[in-house]
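Q: Sequence and predicted structure are below.
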Amino acid sequence: MINITNLSKNYGAKVLFENISLNINQGEKIGLIGPNGTGKSTLFSLILQEIESSKGEVRVNKGVHIGYLPQELSFFRSDIKVPGEIPPGTPAADSVRGGEAGKSERTVLMELTEGDERIMRLNKEKEALESKNEAGSKRYGEVLHELETLGFFELEHKAEKILSGLGFKERDFNRPISQMSGGWQMRALLAKLLTYHYDLLLLDEPTNYLDLNAALWLKDYLGAFRGTFIMISHDRAFLTDVTNYTLILENGSIFKVQGNYEHYEEIKAQKRTHLAKQSKEQDKKMQQLEKFVARFHAQPNKAASVRAKRRVLEKMGEDKIVLPPDPRQSIHNFVFPQTRRSGHRVISLEKISKSYGDIKVYEDLDFEIVQGEKAVLAGENGAGKSTLLKILAGITGIDSGNRIIGHNVDAGYFSQTRTDVLNIENTVLQEAYSAAPGYMTEESIRTILGAFLFSGDDAEKKVKVLSGGEKSRLILAKLLINPPNFLLLDEPTTHLDVDAVDALARALNNYEGSVVFISHDIYFVSSVANNVFEVKSGRVRKFPGTFDYYLEKRDTFVDTEEVKKSKTAPHKPVDEAREKAKVEEHLRKAEEKKRKADNSLIRDKINKLLKKKKELELESYAKARALSNPHFYRDEDTAKQYGRRMKEIEKLNLEIDSQIKALENQII
């Protein structure tokens, strides 16, 4: 599909990669890894031909259709191979479509069902042929076959399924994308890429804008995905579960390994162990030879042997096996400084309520963290996780109730948005020193900075020239140079690479304080959390166990504390007659409202079934046309598959007729 030959890319004196060559083949599900700044996103841009290489070439096979999920939102940049069209992502293309560059003026469902230029062009041609009564023509059959290949007849059903998996509610399907937050717009773009048929997907950190539930769904979806993709991700659990090849981009070179990330780690460890053993054996052999030469160099009868041994030594010196230093070793050695021990109860919230205008986020919520807990807040975006974390940190006030801090508790809060806590005139190293308690060696400071990807000269950069992601990492590094004994972390892994996430997870496991955090990184959550709090509909359920325990029990778990509270809740005396009248009137209105809503819902269901029936009939017609072509029978397996599908459609249409009749009888 893609052939890369002797590719080099540099920006001035900085070389990202040099003379790299590789092939991307159909069916490969590739994880692209490497330290931040090594050129992973740049490699995507070169494949997409958005930038020029310094040397070499990227050759994409003719007709290969590529879907692209960038880190920066752009709906028209997602589709780069549209024959005969203005290339998406250009100002000209955006002016043709209308609206601001990179934005979509469609609703969510429209973008997923009408946002593909190929399908829309073919569908318009189909409608034009129908209006001319040319449905029996050869071209009409070809158009139907192309639409069938692109999945047109199952598009809406597939789109709705993917949207639900990524966390969209049914009420959001018809919302204009432009009215959504950036995170939800990115989800809509990801849903579009998964809905349409692409030969290759390039996914740049696809979980960055997802909550934990949506990330888990995407992991399962990509695990079963039968297409081809290259994915950049810092979540090693995600990479392990969904990929079958690994590309490693580091030190200006690229290596391709068959197998997932976990397999790559095993191979890397085995190679390093083998190399270390070879180096040790060579050193031992050289020492033996040197001893022989030193002992017998003055003895004439040993002169020939000494000369031979010296030649062997010289040869071994030329072919010296050197174990290369691990550039990430300082990250692996990262540990938190000691913190003072807090009391048993770290923090408690008693009957707290919090609203934003008319929206009630929490009402009469009780919540508690005890010493040693490392708790993740799980739940959908918008459920109130960040609000709860800010309440715990004292960043956001409460409307009522009590927030009680425990004995000897020092709280520290991390959020990617708090860049105002940095002095922009300092260097990275100076800013890190400003957080150090008393005396700390420069080596200790640099070790912690290295864990957050500030190594070597990067530590001498001025804060004011750092990117948003770099500033976010520096804030986290400062917090952990002098850690409090109660950490509150909102998405701490977003701007870290795989090694840095692993180092942070291990450091938090050895950390003696308490942690409450939010993260979409499945590996990080699984590695750190010893308790899970599920935030949903203004309630918080505690699952006393690991994240795996939560995944196993979340659908069947009964919160015993909630049961106790509901049984012991006091009942207020009421005027029974007046209350009864109010209840009856309320019920009457509710029943009328429900009747109208039910009828409306039934009619919607009938319309959807009618639409589905029409699509099935079109699909059946397209397959019948294909089967009538004698050349088609050369592909016997596909012909059998089409025949089975036509019988299935016939059965489905009978079922739809039956469902419509049953629904019509329900209208009152």
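A: Happy to help now that I have it. Numbering: from 1, shown residues only.

Q: C-alpha from now on. contacts and neighbour counts both.
A: OK.

Q: Which secondary structure element is home to L190?
A: Mapping L190 onto the secondary structure by DSSP states H and E places it in helix 182-195.

Q: For that helix, name the packing helices and strands.
A: Packed against helix 182-195 by the contact rule (3 or more Cα pairs under 8 Å, 6 or more residues apart in numbering; DSSP states H and E) you find strand 66-69, helix 108-114, helix 155-165.

Q: which residues touch the helix or strand harbouring T42?
A: T42 is located in helix 40-47, with elements delineated by DSSP H and E. Residues outside helix 40-47 that contact it (Cα atoms under 8 Å, 6 or more residues apart in numbering) are L32, I33, G34, I51, E52, S53, V58, V60, L202, D204, I232, L249.

Q: Contacts only, for I660.
A: If a contact means Cα under 8 Å, 6+ apart, then I660 has I606, L609 as its contacts.

Q: Which residue lies closest in space to the most centrally placed residue in the chain, excluding its sequence neighbours?
A: For the chain, the residue sitting closest to the mean C-alpha position, by Cα atoms, centre = their mean, is T207 at 1.3 Å. With Cα to Cα, 6 or more residues apart in numbering as the criterion, T207 has its nearest non-adjacent residue at 5.8 Å, and that residue is A215.

Q: what sits against that neighbour?
A: Applying Cα under 8 Å, 6+ apart to A215 gives the contacts L166, T207, H520, D521, I522.

Q: Which of the helices or strands spans it?
A: Short version: A215 belongs to helix 212-224, going by DSSP H and E.

Q: One more: T556?
A: Following DSSP H and E, one finds T556 outside all helices and strands.

Q: what's around A500, how many residues?
A: Each residue near A500 was counted by other Cα atoms under 10 Å, and the total is 23.

Q: S53 touches N6, doesn't it?
A: No. When contacts are counted by Cα atoms under 8 Å, S53 is not listed as touching N6 (10.2 Å).

Q: So which of those two has more stuff around it?
A: The residue with more neighbours, out of S53 and N6 and counting by other Cα under 10 Å, is S53; that gives 18 against 14.

Q: Please identify which helix or strand holds the more buried one.
A: Secondary structure assigned from DSSP H and E places S53 in neither a helix nor a strand.

Q: pLDDT wise, what is it at?
A: We have a pLDDT of 87 for S53.

Q: before we move on, which element is the nearest residue to it once chain neighbours are set aside in?
A: Residue nearest to S53 in three dimensions, not counting chain neighbours: K9, with 5.4 Å by Cα to Cα, 6+ apart. The secondary structure element spanning K9 is strand 2-11 (assigned by DSSP H and E).

Q: Beyond that strand, next helix or strand please.
A: Beyond strand 2-11 in the direction of the C-terminus, DSSP H and E gives the next helix or strand as strand 14-24.

Q: Show me the domain layout of the protein.
A: The chain resolves into domains spanning 1-64+199-251, 105-198, 280-326, 345-567, 577-624+640-666 when parsed by automatic domain parsing.

Q: if we can go back for a sec, how near is the residue nearest to the centre of the chain to Y264?
A: Noted for T207: a distance of 21 Å to Y264, by Cα to Cα, to the nearest Å.

Q: repeat for V535
A: Plainly put, V535 is 36 Å away from Y264 if you go by Cα to Cα.

Q: List the buried residues for the helix or strand that A294 is a member of?
A: Secondary structure assigned from DSSP H and E places A294 in helix 261-296. Neighbour-count burial for helix 261-296 flags 261-264, 275-276, 279, 282-283, 286, 289, 292-293 (criterion: 16 or more other Cα atoms under 10 Å).

Q: show me where pLDDT drops low in this structure?
A: Low-confidence segments of the chain (pLDDT under 70): 73-104, 115, 324-334, 416-420, 438, 557-594, 630-635.

Q: can you do 50?
A: Per-residue confidence for the chain (pLDDT under 50) gives these ranges: 77-101, 563-564, 566-574.

Q: hmm, back to that, could you list every helix and strand in contact with whatever helix or strand comes next after the helix holding A294?
A: Going down the chain from helix 261-296, the next helix or strand is helix 303-318, by DSSP H and E. If you count contacts as 3+ Cα pairs under 8 Å, 6+ apart, helix 303-318 packs onto helix 261-296.

Q: relative to helix 303-318, how tilted is the helix it packs on?
A: In terms of direction (axes from the mean of the first three to the mean of the last three Cα atoms, to 10 degrees), helix 261-296 departs from helix 303-318 by 150 degrees.

Q: Please state the offset of helix 261-296 from the chain centre?
A: 40 Å (Cα atoms, centre = their mean, to the nearest Å).

Q: circling back: doesn't the residue nearest to the centre of the chain fall inside a strand?
A: No. Secondary structure of T207, determined by DSSP: H, G, I helix; E, B strand; the rest coil: coil, with no strand assignment.

Q: Surely it is in contact with I522?
A: No. With contact taken as Cα under 8 Å, T207 and I522 are classed as non-touching, separated by 9.8 Å.

Q: Let me know whether the residue nearest to S53 touches E57 as I believe.
A: No. Between K9 and E57 there is no contact, the gap being 10.6 Å when judged by Cα under 8 Å.

Q: okay, these two: which has more neighbours?
A: When neighbours are counted by other Cα under 10 Å, K9 and E57 differ, and K9 comes out ahead with 23 against 19.

Q: Relative to N629, how far out is the more buried one?
A: 50 Å.

Q: and if you look at D235?
A: Look at D235 and N629: by Cα to Cα, they are 48 Å apart.

Q: For those two, indicate the residue with more neighbours.
A: D235 (24 against 11).

Q: Quick check on the more buried one: phi, psi?
A: Reported as degrees, to the nearest 10, the phi and psi values for D235 are phi -100, psi 100.

Q: quick one: contacts for it?
A: So D235 contacts V498, V501, D521, I522, Y523, F524 (Cα under 8 Å, 6+ apart).

Q: again, only using 10 Å
A: 205, 207, 261, 493-494, 496-499, 501-502, 520-524 (Cα atoms under 10 Å, 6 or more residues apart in numbering).

Q: of those, closest to Y642?
A: T207 (36.3 Å; Cα to Cα).

Q: surely that closest one meets L239?
A: No. Counting by Cα atoms under 10 Å, T207 stays clear of L239, with 11.3 Å between them.

Q: shared neighbours, these two?
A: Contact with both T207 and L239 is made by residues K219, I232, S233, according to Cα under 10 Å, 6+ apart.

Q: who does the second one bridge with?
A: If I follow you right, that is I232. I232 has these beta-bridge partners by DSSP bridges: L32, D204.

Q: quick one: which of the buried residues of helix 261-296 is nearest E470?
A: Comparing the buried residues of helix 261-296 against E470 with Cα to Cα places Y261 closest, at 25.3 Å.
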